[in-house]
Each structure stands twice: as structure tokens, then as C-alpha cells.
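[1] Show me the folded form of this:
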Amino acid sequence: CLDKMSDSSPKVVDVKLKRGSAGLGFNIVGGVDQHYVANDSGIYVSKIKEDGPAALDGRLQEGDKILTINGVILDDRTHKDAVELFITAGDDVELRLPTQTNGPTGPQPEIKLSVSPLGILAALVGAATPHLMSLYNF
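    Model prediction:
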């Protein structure tokens, strides 16, 4: 039944979101160049935006690791590469998450990377194409 999906791999959940006018409603941190968790190059949810598609769906939580977006594996990618995948993902987005989420270290750590690295990259993307600013905020 449900175990057919997981076999010997970790159990996962697929979350399908439809991009709204302000994006998917969350921010990400992580990547090979910006570890959010020590020795883990994965991509994590840093912030869920109130009333956005992710918040309304309710399954994605701050601290969750995102394994794939539309079938593309996010491990071992730079933060910039991951951001580009989210920006170009289209309106219907499928995210795969491990079923045990909310970060391997428990509650949100004291590091608040969602503002500076994301803000800087958003500013760079927005400088060239202002219409991408809202898309960056997935």
C-alpha cells in the first residue's frame, strides 16, 4: 500500500502547491555554499508566509527539509541554483519532504539566514528584473 513508495528509502510526503500572485508563500535557506545544518547541504524552509499557498496548505513547516522540487533533487546544489529552480518551477509545484521534518536540530536555530542571504540575492535578481522579486519569495 503506502510502503510501496518508500521501500528501503526514507518515508516521504509529496506536497503540491499552486503558485499565487505573491509566489508559493515561503523562503528557503541552505545549499552547499550556505549550510543551514552542519554537514548537510540540503535546502530548508526558513519562513512560511501568512496566507500564502504553503500556509494555506498547512503541510510545509519552517525547518522542513525539501528533498526535491518537481522531481529535481536539491541536495548538493548551491543556494543560488536552488533559488533558480524555485523561480523557474512554474505555477504547479510539487515538493518532496521527509515525513519527519522540522529540521534535524529541533526548533528553529538562532541563526536567521532568511533575511541577509535571501535578501541580497533577491535584491540582485530584482535589480535586473523587478518582476522576479515576488517570485523569489516562493
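
[2] Tell me which residues of stretch 40-53 come out buried.
    Asp40, Ser41, Gly42, Ile43, Tyr44, Val45, Ser46, Lys47, Ile48, Lys49, Gly52, Pro53 (16 or more other C-beta atoms under 10 Å). Placement of C-beta: from N, CA and C, glycine included.

[3] gap between Val72 and Glu84?
    11 Å (C-beta to C-beta, to the nearest Å).

[4] just to revisit the earlier point, so which of the buried residues of stretch 40-53 sit within helices?
    Among the buried residues of stretch 40-53, the ones falling in helices (DSSP state H) are Pro53.

[5] In JSON lines: the buried residues of stretch 40-53, plus distance to Leu24 and pLDDT.
    Converted to JSON lines, the buried residues of stretch 40-53 look like this (distance: C-beta to C-beta, whole Å; pLDDT from 0 to 100):
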{"residue": "Asp40", "distance to Leu24": "22", "pLDDT": "92"}
{"residue": "Ser41", "distance to Leu24": "22", "pLDDT": "92"}
{"residue": "Gly42", "distance to Leu24": "18", "pLDDT": "95"}
{"residue": "Ile43", "distance to Leu24": "13", "pLDDT": "96"}
{"residue": "Tyr44", "distance to Leu24": "15", "pLDDT": "96"}
{"residue": "Val45", "distance to Leu24": "10", "pLDDT": "96"}
{"residue": "Ser46", "distance to Leu24": "13", "pLDDT": "95"}
{"residue": "Lys47", "distance to Leu24": "12", "pLDDT": "96"}
{"residue": "Ile48", "distance to Leu24": "10", "pLDDT": "96"}
{"residue": "Lys49", "distance to Leu24": "9", "pLDDT": "95"}
{"residue": "Gly52", "distance to Leu24": "7", "pLDDT": "95"}
{"residue": "Pro53", "distance to Leu24": "5", "pLDDT": "96"}
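
[6] I am finished for the moment; much appreciated.
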